[in-house]
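Trainee: My questions are about this predicted structure, shown below with the sequence.
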Amino acid sequence: MPRFPLRAAAALALACPAFALGAVTRAQALEAIQTFEANAVGGVAASKSPEESNAAAARASNLIMRFAVESDEVVVDLGPDSVPWCDVKKGLSEQTNAGQRGLLLAAYVCGCIKAQLQSGKQDPNPLDGWVAMLRVYRAMRIREGTKIPEIEALLARQMNGSLDAYAASALTRSTERLRARYGAPAKPDSPTLASQP
């Protein structure tokens, strides 16, 4: 089950106008991830204009976000420990560099989903999402000169080799925050044995 706070899921639903369409399949999600990765850094394909690349990345991110919300195959943590550059409670539009932060959120979700689909296991650890997001961020920084302090901190951790450990601690903090708010997960019911006559 996706690990989205209710407000975040509602915000993503509003951000993805194609939500009313049929469910996104695994194959469609993987294709959308490939399209997003090819276009998110400003049009890797030389035959596309920046406008065409942006439109392709936007369409792909809509499918990726829908898959993240709808699919039971993946779990994506959008808590403040995993996406410190996006305050999902506040909304992207109220933050500086809102468009860039939104693109980086899509890159993060893309990285999380891709890793989980490739491994076949749900994993809310933000590391793979961060790595995908940082790839887009570096290109954005070169192309546009954008600097986002929260991402600069993650980039510094990647450069000094502490990003893996920081991702594990972010997951722990996020899990503790969820448990404090909602309680420990329920244990599965143990099977009852039918009484023998």
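Mentor: That came through, no problem. Numbering: from 1, shown residues only.

Trainee: Can you name the element that comes right after the helix or strand of the chain with the lowest mean pLDDT?
Mentor: Confidence across the helices and strands of the chain bottoms out at helix 6-15, with a mean of 42, counting by mean pLDDT, DSSP states H and E. Moving toward the C-terminus from helix 6-15, the next helix or strand (DSSP states H and E) is helix 26-39.

Trainee: List the buried residues in that next one.
Mentor: If you call a residue buried by 16 or more other C-beta atoms under 10 Å, then helix 26-39 has these buried ones: 28-30, 32-33, 35-39. Every C-beta, even on glycine, is put in place using the N, C-alpha and C of the backbone.

Trainee: I'd like those residues laid out as JSON lines, including pLDDT.
Mentor: JSON lines is the format used below for the buried residues of helix 26-39 (pLDDT from 0 to 100):
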{"residue": "28", "pLDDT": "96"}
{"residue": "29", "pLDDT": "97"}
{"residue": "30", "pLDDT": "96"}
{"residue": "32", "pLDDT": "96"}
{"residue": "33", "pLDDT": "96"}
{"residue": "35", "pLDDT": "94"}
{"residue": "36", "pLDDT": "95"}
{"residue": "37", "pLDDT": "93"}
{"residue": "38", "pLDDT": "91"}
{"residue": "39", "pLDDT": "90"}
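
Trainee: As CSV, those residues with distance to residue 131 would be great.
Mentor: Formatted as CSV, the entries for the buried residues of helix 26-39 read as follows, by distance: C-beta to C-beta, whole Å:
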residue, distance to residue 131
28, 23
29, 18
30, 18
32, 18
33, 14
35, 19
36, 15
37, 12
38, 17
39, 18
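
Trainee: Which of the residues you listed sits closest to residue 129?
Mentor: Distance to residue 129, by C-beta to C-beta, is smallest for residue 33 among the buried residues of helix 26-39, at 11.9 Å.

Trainee: thinking the closest one is in contact with residue 114, fair?
Mentor: Yes - counting by C-beta atoms under 8 Å, a contact exists between residue 33 and residue 114, whose distance comes to 5.1 Å.

Trainee: roughly how far out does stretch 86-96 sit from the chain middle?
Mentor: 15 Å (C-alpha atoms, centre = their mean, to the nearest Å).

Trainee: buried ones in it?
Mentor: Of the residues in stretch 86-96, those with enough neighbours to count as buried (16+ other C-beta under 10 Å) are 86, 88, 92.

Trainee: With secondary structure, pLDDT and distance to residue 172 as extra columns, can I get those residues in JSON lines?
Mentor: Formatted as JSON lines, the buried residues of stretch 86-96 follow (DSSP: H, G, I helix; E, B strand; the rest coil; pLDDT from 0 to 100; distance: C-beta to C-beta, whole Å):
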{"residue": "86", "secondary structure": "coil", "pLDDT": "89", "distance to residue 172": "20"}
{"residue": "88", "secondary structure": "coil", "pLDDT": "70", "distance to residue 172": "20"}
{"residue": "92", "secondary structure": "helix", "pLDDT": "70", "distance to residue 172": "26"}
